[in-house]
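build me a model:
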Amino acid sequence: MIADLYDFDRTIYKSESGTHFYFYCLRHFPKKLFPHSGTQLKSFLKRYVLHSVTDEEFKDEFYSYLKYIDAEKLSEIFWKKSIKRINPWFFERDKDVATIVCSASPTFQIKPICEMLGVDLLIATRIDSYSGKMTGQNCCREEKVRRIKEEASQYTIRDAYTDDLKKDAPLLSLATRNKYHIVNGKKIKLN
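Numbering: from 1, shown residues only. Next up, the predicted model:
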């Protein structure tokens with residue numbers, strides 16, 4: 001079977017869905033989440049300013065807010081309002097070819113939108129939606145390729161799409177036909 005392969009954040013979705021989802025939850029449940037918001041700020045600073053923790057350590061700390069909310073239910077509601085942030089070109093994709101999304105975002109968080117969009121297979125970071133703890137590796141860089149080979153071995157990857165040529169170089173290497181770089185929501189063909 002043939003499939004096209006997509007990253008999610010800043011590729012299909014115009015921005016970083018995890019950040020948008022967190023602020024959506026914070027806005028709707030400030031009494032539950034605001035007292036703990038220092039944890040998210042601290043984890044963000046450690047990862048993106050100080051560069052003192054790994055992606056896995058960052059996510060374990062950042063997603064600890066999930067224990068205070070019904071994350072699966074909220075993600076369904078979030079996507080009904082946030083579908084407008086999907087890049088328009090994604091709706092025009094070739095529906096005769098399977099669609100695989102491979103993302104570092106948590107599975108529970110993007111599963112509802114992938115179902116709404118008719119994605120055939122979702123491969124993403126496994127984070128427990130009740131505890132916020134990661135169960136497995138962060139689905140990024142070489143881990144994406146490992147997971148694709150494990151979970152999508154029946155597919156031949158035709159085209160691959162990403163916003164990050166460095167982090168997703170392994171993902172792009174799987175494309176047998178075209179590679180696309182997404183810049184400001186626009187597709188740029190690389191080969």
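
pLDDT value on the closest residue to residue 162 other than its chain neighbours, please?
Nearest non-adjacent residue to residue 162, counting by C-beta to C-beta, 6 or more residues apart in numbering: residue 168, 3.8 Å away. C-beta: built from backbone N, CA, C; applies to glycine. pLDDT recorded at residue 168 is 97.

now do the contacts for residue 168.
Counting by C-beta atoms under 8 Å, 6 or more residues apart in numbering, residue 168 touches 7, 141, 144, 160, 162.

tell me the phi and psi of the second one?
Residue 141 has phi and psi values of phi 50, psi -130 when expressed as degrees, to the nearest 10.

pretty sure it contacts residue 170?
Yes. Applying C-beta atoms under 8 Å as the test, residue 141 and residue 170 come out as touching, 6.0 Å apart.

so those two - more neighbours on which side?
Per other C-beta atoms under 10 Å, whichever of residue 141 and residue 170 has more neighbours is residue 141, with 18 against 15.

re earlier: helices - which of the contacts of residue 168 land there?
When DSSP state H defines the helices, the subset of those inside them is residue 144.

among the contacts of residue 168, which two are most distant?
Distance extremes for those: the farthest pair is 141 and 160 at 14.1 Å, using C-beta to C-beta.
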